[in-house]
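# everything below, folded, please.
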Amino acid sequence: MAALGRIANDDEGLGLAEDEDPRIRRVYQRLRTLTIIAALTMGLGFFAVMSVIAYRLVKGSPAGAAALPKTLALPAGARVLSTAADGGRLAVTVEEHGRTVVHVFDLGSLNPTGRLDIVPAAPDAPPLR
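Numbers count the residues shown, from 1 in each chain. The predicted model follows:
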């Protein structure tokens, strides 16, 4: 007990309490500044994440609309040879009346965007290599 009283008397002998030391005040001020900056950064990040979530909930396309079945109409007597999807397009290779035709459709709306007729070459044409 006497030792504690002696240490307390030594601090009083300097004339400065621990909170009155300018170095400690600068450290506390720096700590407060860094804490405020960290809290504001975390608050801004939280606000950004919540904003993105709210935007996607409000502006997102309904999940049920993409799963609705759609019908793709092909010419009568056509036989599908193959299909391929790439990006936002659907290519359907069809055999119509002995000719091979590639129909290209928009994948979202199934509207036709192009057509490629594949016809046999003339007998005197050079072969493709």
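# do you know how far Val80 is from Val101?
Using Cβ to Cβ, to the nearest Å, we find Val80 at a distance of 11 Å from Val101. Quick note: C-beta positions are derived from backbone N, CA and C, even for glycine.
# please identify which of the two sits among more neighbours.
The residue with more neighbours, out of Val80 and Val101, is Val101; 19 against 12, by other Cβ atoms under 10 Å.
# give me phi/psi at the more buried one?
Dihedral pair for Val101: phi -130, psi 140, per degrees, to the nearest 10.
# quick check, it in contact with Gly114.
No - counting by Cβ atoms under 8 Å, Val101 does not reach Gly114; the two are 10.8 Å apart.
# on that earlier part again, shared neighbours of Val80 and Val101, anything?
Residues touching both Val80 and Val101 (Cβ atoms under 8 Å, 6 or more residues apart in numbering) are Thr93, Val94.
# just the strands in the chain please.
With DSSP state E, the ranges of strands along the chain come out as 79-86, 89-96, 99-106, 112-118.
# can you redo those strands as TSV with mean pLDDT and distance to Ser51?
Shown next, in TSV, are the strands of the chain (pLDDT from 0 to 100; distance: least, Cβ to Cβ, whole Å):
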stretch	mean pLDDT	distance to Ser51
strand 79-86	89	33
strand 89-96	89	33
strand 99-106	88	32
strand 112-118	87	36
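# and Pro126, which of those strands is closest to it?
strand 112-118 (17.1 Å; Cβ to Cβ).
# what is the longest helix seen in the chain packed up against?
Ranked by residue count under DSSP state H, the longest helix found in the chain is helix 22-59. On a contact count with 3 or more Cβ pairs under 8 Å, 6 or more residues apart in numbering; DSSP states H and E, helix 22-59 meets no helix or strand.
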